[in-house]
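Visitor: here is a sequence with its predicted model. Questions after.
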Amino acid sequence: MLKQSKPLIYEEIKRRIIELEMKPGDPINEKELSAEFGVSRTPIREALIKLTQIDLVEFRPRVGTFVTQIDIATVKSAYEVKKNLEAFAAELAAKRATDEEIKILFQIIERFSTYDLIKDYKLCIQDDQLFHEVIRTASKNDILIDTLDMLNTKTARFLQSIHYVIQQYDGLITSLNSIADAIRNRDAEEARIQTESHTRLFLEEMSKNFFA
């Protein structure tokens, strides 16, 4: 592989962990990664240290470096926090989103109608995550963006691990449309209300099926 920059190395390892190409408990070989990315071990170690800060990697003294396990209690807590922060991000996005960002939201919604719910579950998860990522970015609040990105790493990996299939698919699309419409209409209060409803119902579904 061609030599990669530090940000790309970090993002690629992060992606592999979230999408379970690197599974919970897997050992991480810095030498192999440095050869793959065409860099010294220093940028690999720097990327791994950064990944420890969002609980995707752990260093065990005299043992090695490993992908962290998925902790259900932490995932539940992340969802509880996301419920309010995602709504705040949508409220800000209704005021600050660019026309291009709004266009992307509706493009994502259109893609949902093309998916096979069972076969394309990974794409469904990825596009649902992307929808909220676009809204976070549109909030133009760096602290909020960073906080939600960190929480999202916990929830996205969990969804991949359970092969999550959305139970109320038509309801999901309707809900996403309501959020996107509110943002397009610059209705901050409605954007917040619709996002609160969306995340509350999702959390209730998760609690019923996976959380004690």
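Guide: That came in fine, so what should we check first?

Visitor: so how far is Glu30 from the residue nearest to the spatial centre of the chain?
Guide: The centroid of the chain falls nearest to Asn152 when counting by C-alpha atoms, centre = their mean (3.7 Å). Asn152 sits 26 Å away from Glu30, going by C-beta to C-beta, to the nearest Å. C-beta coordinates here come from the backbone N, C-alpha and C atoms, glycine included.

Visitor: got the domain ranges for this protein?
Guide: Taking automatic domain parsing as the reference, the chain has its domains at 6-67, 72-209.

Visitor: show me where this protein has strands.
Guide: 57-60, 64-67 (DSSP state E).

Visitor: can I get the ones you listed in a markdown table with mean pLDDT and mean neighbour count?
Guide: Formatted as a markdown table, the strands of the chain follow (pLDDT from 0 to 100; neighbours: other C-beta atoms under 10 Å):
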| stretch | mean pLDDT | mean neighbour count |
| --- | --- | --- |
| strand 57-60 | 95 | 15 |
| strand 64-67 | 96 | 17 |
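
Visitor: for those strands, which one sits closest to Glu19?
Guide: With distances scored as C-beta to C-beta, the stretch of these nearest to Glu19 is strand 64-67 (11.9 Å).

Visitor: give the buried residues for stretch 157-164.
Guide: Neighbour counts using 16 or more other C-beta atoms under 10 Å place Arg157, Phe158, Leu159, Gln160, Tyr164 of stretch 157-164 among the buried residues.

Visitor: then that stretch to PDB, C-alphas only?
Guide: Output of stretch 157-164 as PDB, limited to C-alpha atoms (Å, rounded to 0.1, in the frame of the first residue of the first chain):
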ATOM      1  CA  ARG A 157     -20.100  -0.900  16.400                       C
ATOM      2  CA  PHE A 158     -22.800  -2.300  18.600                       C
ATOM      3  CA  LEU A 159     -25.400  -2.200  15.700                       C
ATOM      4  CA  GLN A 160     -22.900  -4.000  13.400                       C
ATOM      5  CA  SER A 161     -22.200  -6.600  16.100                       C
ATOM      6  CA  ILE A 162     -25.900  -7.600  16.400                       C
ATOM      7  CA  HIS A 163     -26.600  -7.400  12.600                       C
ATOM      8  CA  TYR A 164     -29.300  -5.000  13.500                       C
END
